[in-house]
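Colleague: Got a predicted structure plus its sequence, pasted below:
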2 protein chains.
Amino acid sequence: MKKFYIAKARRLRGTPFSNRIESQGLTAYTTFNHMLLPAAFEGTEKEYLHLKEHVQVWDVAAERQVQIVGKDSAKLIQLMTCRNLSKAKVGRCYYAPLIDEQGKMINDPVILKLEENKWWISLADSDVGLYAKGLSSGLRLQAEVSEPDVNILAVQGPKSFKLMEKILGKKITELKFFGFDYFDLEGSKFFIARSGWSKQGGYEIYVENCDAGLNLYDKLFSAGKEFNVKPGCPNLIERIESGLLSCGNDFDNGDNPYECGFDKYIDIESDINFLGKKALIQISKKGIQRKLMGVKIELEQIEMMEERPLQNAGNLVGYLRSAVYSPHFKKVIGVAMIKKEYWDKKTTFELEINSKKNKGAICDLPLV
Amino acid sequence: MKKFYIAKARRLRGTPFSNRIESQGLTAYTTFNHMLLPAAFEGTEKEYLHLKEHVQVWDVAAERQVQIVGKDSAKLIQLMTCRNLSKAKVGRCYYAPLIDEQGKMINDPVILKLEENKWWISLADSDVGLYAKGLSSGLRLQAEVSEPDVNILAVQGPKSFKLMEKILGKKITELKFFGFDYFDLEGSKFFIARSGWSKQGGYEIYVENCDAGLNLYDKLFSAGKEFNVKPGCPNLIERIESGLLSCGNDFDNGDNPYECGFDKYIDIESDINFLGKKALIQISKKGIQRKLMGVKIELEQIEMMEERPLQNAGNLVGYLRSAVYSPHFKKVIGVAMIKKEYWDKKTTFELEINSKKNKGAICDLPLV
């Protein structure tokens, strides 16, 4: 596979940690919310094995926040998501599909309730701030939409708990999954959530003061030596095995949340008001004709730039959306949008690449 | 300067022409509207010299279109821009700043009026479709917002006129600047505008049928041999010299259109209705305190990941937003947001990079 450099510019914003990661062996970037997101250091496979055993520090500043403040903030947030947030509590994170009026996916952020009238939406890759601004202006809501200068450092992996306890004390270990609170380090306050885009456990530190954040970054590496800490980034193998979906890869504005398997985050029964509710009620009545599932393919490598058709005896089975070679399964694994008639797990298919047909099979998510 | 690879994924969509340009010597990509945009082949300097003398074909499919259709389409578009479009004509392109309710920049697209109730917004890099959806839903407008499958090929450079005439006939040479029309090639219709993101002249071909577009792509190269045609991409040197601003680089959602020098595209006098009109009236009354200007700096190379402060005797003069080495000026040129007290052209400043101070001077845009 040919490799190409990324051309830097202010438009693809650097992060407070870019200099650090570039001197720590970074080899590849991706972009995310108009910002640089590290994509590889030693290589996805090596990093996958390390992540599952040790602890990594990730510069995920590209998970930008949309801040919504004001007396209509809860109303505006509820309008954008089909998840019922009417009982949301201060200090908690909520994974929530955002949809448009047609009931199609716009983003799948983690929403944080900071105060009664102050929320952060921790974004996947789309300009949700513009959607919120349009809605707020159109409905004349009292809700101020902005992008605060917050840069997330994720600490992920099974040893993340020991590392964070060593630096921040016992209190951090009492944080429940998807809870958040403020923690002190050498006179600086850090907003920390027990969350992160892996299933290996860990934290996300919402850095609001760059200098303090850089100091913390260095501390994570000096204190983390005994835990074999390394710089890392969201890992394609780990997230597909774990069934963590990626907005823009696995689903886009052509898909609805039922097709993405987000059923438990959809409330069309109660009286909450959100855009797309009518559309989701219709979709729910009709039933979906396709959904995201896992796949395993007899291949040793793959590159994705667009979805790829999966065929069975000349018939379309579905489309492969994300894929990577898994050292655990010793084949390519992926996420695919599969047509209803092929949901039976035993269905096999063929994926044609460069005129060669490769056999594959459908399975559940997360992959086992 | 260290170089890093770009990690490919479906989320950074390939274009119908990605395979072509990758086999034609592409070396670097950037991303733009969640899509790959070529950033370098032989190198920005060589490409700059070639662009000013010959003709290039650019894969600028990343200039995505937002299509707005319906009886309220004109109303919705006018709401987003401070440019008066009340007399917009079918068949014409309009460069227009899009702003939010605070009068801050969101995008600077070219807006095309295709029919009375059908428009395309040819985007710089932000999700204007989400802004339009939010507004349309909030105001319950009859306006359908979508992203059509349209992929632009730009043909740019002084010999672009001869090349296009050779392929499409004399009629194409009669197209006026910022006009557009449909043209036939071997039974396929192509929507073509006389436009493009260089000042070297040329066309943008809005490809709606991929196969026909690939055929046209190949034809441009076979017919273009006599004009020394090469693959290319928007050129950083040429666009800064020409004073073409870049959304996300030169300005962002922190800046207003007056500060960007877009005065001639602002109408706060007539009775048109747009978001941010009140804000712009206020700004106009108070007068702006900073604006975008050109700069020349005694340097041989530079890399931009964020804005850089410009100082004069310890005082802040402004911020450098874009910069590149220009073989014409034999120094680094750039676009900077300059404080009012330094608008006097003779002001010099210092730019500190790696503890070394480099002298520079302020000048007008476009640079001369």
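Modeller: Noted; the coordinates are in hand.

Colleague: If you average the pLDDT over the helix ranked longest in chain A, what comes out?
Modeller: Counting residues, the longest helix found in chain A (DSSP state H) is helix A:210-223. Mean pLDDT, helix A:210-223: 97.

Colleague: List of residues touching the helix or strand that that helix is followed by?
Modeller: For helix A:210-223, the following helix or strand on the C-terminal side (DSSP states H and E) is strand A:230-232. Strand A:230-232 has contacts (Cβ atoms under 8 Å, 6 or more residues apart in numbering or on different chains) with A:20-21, A:24-26, A:38, A:41, A:47, A:50-51, A:54-59, A:156-157. (C-beta placed from N, C-alpha, C; glycine too.)

Colleague: Narrow those to those in helices?
Modeller: Those of those lying in helices (DSSP H): A:20, A:21, A:47, A:50, A:51.

Colleague: circling back: name the residues of the longest helix of chain A that are buried.
Modeller: A:212, A:213, A:214, A:216, A:217, A:219, A:220 (16 or more other Cβ atoms under 10 Å in any protein chain shown).

Colleague: which bits of the stretch 201-350 of chain A sit near chain B?
Modeller: Within the stretch 201-350 of chain A, the positions lying close to chain B (Cβ under 8 Å from any Cβ of the partner chain) are A:236, A:246-249, A:253, A:275, A:303-307, A:321-322.

Colleague: Which entries within those meet the buried criterion?
Modeller: Buried, going by 16+ other Cβ under 10 Å: A:236, A:246, A:247, A:248, A:249, A:253, A:275, A:304, A:305, A:307, A:321, A:322, out of these.

Colleague: Out of those residues, list just those in helices.
Modeller: Going by DSSP H, the helices hold residue A:236 from those.

Colleague: Please give the centre-to-centre distance between the longest helix of chain A and its chain.
Modeller: Chain-centre distance of helix A:210-223: 24 Å, with Cα atoms, centre = their mean, to the nearest Å.

Colleague: before we move on, what about stretch A:193-203?
Modeller: On Cα atoms, centre = their mean, the centre of stretch A:193-203 falls 11 Å from that of its chain.

Colleague: swap in stretch A:109-124?
Modeller: With Cα atoms, centre = their mean, you get 15 Å for stretch A:109-124.

Colleague: That stretch: which residues count as buried?
Modeller: Buried, per 16+ other Cβ under 10 Å, within stretch A:109-124: A:109-114, A:117-124.

Colleague: cool, and stretch A:167-184?
Modeller: Buried, per 16+ other Cβ under 10 Å, within stretch A:167-184: A:167, A:168, A:172, A:175, A:180, A:183.

Colleague: how near is the fourth one to residue A:51?
Modeller: Pointing back at residue A:175 there. 20 Å (Cβ to Cβ, to the nearest Å).

Colleague: and if you look at the last one?
Modeller: For residue A:183, the distance to residue A:51 equals 23 Å [Cβ to Cβ].

Colleague: How far off centre is the lengthiest strand in chain A?
Modeller: For chain A, the longest strand by residue count, based on DSSP state E, is strand A:315-326. Mean C-alpha position of strand A:315-326 versus that of the full chain (Cα atoms, centre = their mean) differs by 19 Å.

Colleague: so the following helix or strand past that strand versus strand A:315-326, what angle?
Modeller: Beyond strand A:315-326 on the C-terminal side, the first helix or strand identified by DSSP H and E is strand A:331-339. Interaxial angle of strand A:331-339 relative to strand A:315-326 (axes from the mean of the first three to the mean of the last three Cα atoms, to 10 degrees): 150 degrees.

Colleague: Please state the offset of the helix or strand just after strand A:331-339 from the chain centre?
Modeller: The helix or strand immediately downstream of strand A:331-339 is strand A:348-353, counting by DSSP H and E. Strand A:348-353 sits 28 Å away from the centroid of its parent chain (Cα atoms, centre = their mean).

Colleague: Which positions in the next helix or strand after strand A:348-353 come out as buried?
Modeller: Using DSSP H and E, the next helix or strand after strand A:348-353 towards the C-terminus is strand A:356-363. Buried residues in strand A:356-363, counting neighbours by 16+ other Cβ under 10 Å, are found at A:358, A:360, A:362, A:363.

Colleague: beta partners for the second one?
Modeller: In other words, residue A:360. residue A:297, residue A:349 (DSSP bridges).

Colleague: give me every residue that touches it.
Modeller: Residue A:360 neighbours (Cβ under 8 Å, 6+ apart): A:295, A:296, A:297, A:298, A:310, A:332, A:348, A:349, A:350, A:351.

Colleague: That one and chain B, how far apart?
Modeller: 17 Å (Cβ to the nearest Cβ, to the nearest Å).

Colleague: Just list whatever residues bridge to residue A:315.
Modeller: Bridge pairing for residue A:315 - DSSP bridges - gives residue A:312.

Colleague: before we move on, back to that, okay if I get the ones in helices among the contacts of strand A:230-232 as TSV plus neighbour count, pLDDT and distance to residue B:95?
Modeller: Compiled in TSV, the ones in helices among the contacts of strand A:230-232 are given as follows (neighbours: other Cβ atoms under 10 Å in any protein chain shown; pLDDT from 0 to 100; distance: Cβ to Cβ, whole Å):
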residue	neighbour count	pLDDT	distance to residue B:95
A:20	17	98	40
A:21	22	98	38
A:47	22	98	45
A:50	19	98	50
A:51	25	98	47
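
Colleague: Out of these, flag the one nearest to chain B.
Modeller: residue A:21 (9.8 Å; Cβ to the nearest Cβ).

Colleague: Go ahead and confirm that closest one touches residue A:60.
Modeller: No - with contact defined as Cβ atoms under 8 Å, residue A:21 does not reach residue A:60; the gap is 10.9 Å.

Colleague: So for residue A:102, what's the nearest residue that isn't a sequence neighbour?
Modeller: Excluding the flanking residues, the one nearest residue A:102 by Cβ to Cβ, 6 or more residues apart in numbering or on different chains is residue A:279, at 5.3 Å.

Colleague: what does residue A:86 give?
Modeller: residue A:272 (5.8 Å).

Colleague: who's in contact with that neighbour?
Modeller: With Cβ under 8 Å, 6+ apart, residue A:272 has these contacts: A:78, A:84, A:85, A:86.

Colleague: try 6 Å this time
Modeller: A:78, A:84, A:86 (Cβ atoms under 6 Å, 6 or more residues apart in numbering or on different chains).

Colleague: Let me have those residues in TSV, adding neighbour count as columns.
Modeller: Output for the contacts of residue A:272, formatted as TSV (neighbours: other Cβ atoms under 10 Å in any protein chain shown):
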residue	neighbour count
A:78	19
A:84	19
A:86	11
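
Colleague: Give me the subset of the residues you listed lying in helices.
Modeller: residue A:78.

Colleague: In the stretch 151-300 of chain A, which residue sits closest to chain B?
Modeller: For the stretch 151-300 of chain A, Cβ to the nearest Cβ, closest residue to chain B: residue A:248, 3.4 Å.

Colleague: follow-up on the earlier one: closest one of the residues of the stretch 201-350 of chain A next to chain B to residue B:328?
Modeller: Of all those, residue B:328 sits closest to residue A:305, with 35.9 Å by Cβ to Cβ.
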